[in-house]
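Undergrad: just need the structure, nothing else, for what follows:
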Amino acid sequence: MRSEVSEIVTATFVEIVEQLTFMLGDQVDKDELTTPDSAILRAAMEFSGDATGSLDLIIAEEACPELAANILGIDTDEVESQEQVLDAFKETLNVVGGRVVREIGGSDLRFDLTPPAIQNLGAEAWAAFVASPSRIGFLLDETPVLFGIEFESEGT
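TA: Alright, predicted model coming up:
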């Protein structure tokens, strides 16, 4: 990933995640990320228009109820269903991803996002995503997170 894109992704991810989830985000070297002990979730989506590409967000499933509670403005024990948890996780990718694409492509960029899809991953998949150059590592309240973007526009 080009350094200027990486800088935009990092700054935007941290800002939006903190505003949306009220969780502290810090960019870290991917080598510092530990493989989550619990199940791992990946939310993925694509975009098309003036630019095309894909986005994904990967996190330990055990962190998602807190993420959902924070987005909904409730206590973790008030989260009613796994559906709420997954919807909040998908919405996190949707909001962060849309903003990242806009920041990279500029305010005049026109694009459409597909609805996010959820996938369960294992430790082997986590390692492969960590090794991918299109992913950036973060700690979200000490939980390891990967954010990935593939971005292609007519001008690149």
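
Undergrad: what ranges do the strands span in the protein?
TA: Along the chain, counting by DSSP state E, strands occupy 25-28, 40-49, 51-60, 111-113, 117-121, 135-140, 143-153.

Undergrad: what's the closest of the ones you listed to Gly105?
TA: Nearest to Gly105 among those is strand 51-60 (4.9 Å), distances taken as CB to CB. C-beta: built from backbone N, CA, C; applies to glycine.

Undergrad: angle of that closest one against strand 143-153?
TA: Here strand 51-60 runs at an angle of 170 degrees relative to strand 143-153 (axes from the mean of the first three to the mean of the last three CA atoms, to 10 degrees).

Undergrad: how close does Val101 get to Leu24?
TA: In this structure, Val101 and Leu24 are 24 Å apart, going by CB to CB, to the nearest Å.

Undergrad: follow-up on the earlier one: relative to Ile8, which of the strands of the chain is closest?
TA: Nearest to Ile8, of the strands of the chain and by CB to CB, is strand 143-153 at 9.6 Å.

Undergrad: could you export the closest one as CSV, CA atoms only?
TA: Backbone C-alpha positions of strand 143-153 (Å, rounded to 0.1, in the frame of the first residue of the first chain) are rendered in CSV as follows:
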residue,chain,number,x,y,z
THR,A,143,-8.2,-5.7,20.6
PRO,A,144,-6.3,-6.5,17.4
VAL,A,145,-8.0,-5.3,14.3
LEU,A,146,-7.1,-5.4,10.6
PHE,A,147,-8.5,-2.9,8.1
GLY,A,148,-7.9,-3.6,4.4
ILE,A,149,-8.5,-1.7,1.3
GLU,A,150,-8.0,-2.3,-2.4
PHE,A,151,-8.5,1.0,-4.3
GLU,A,152,-8.3,1.6,-8.0
SER,A,153,-9.4,4.7,-9.8
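
Undergrad: what are the contacting residues of it?
TA: Outside of strand 143-153, the residues that reach it under the criterion CB atoms under 8 Å, 6 or more residues apart in numbering are 1, 5, 9, 13, 25, 30, 33-36, 50-60, 63, 96-97, 100-101, 104-105, 109, 129-130, 132, 134-139.
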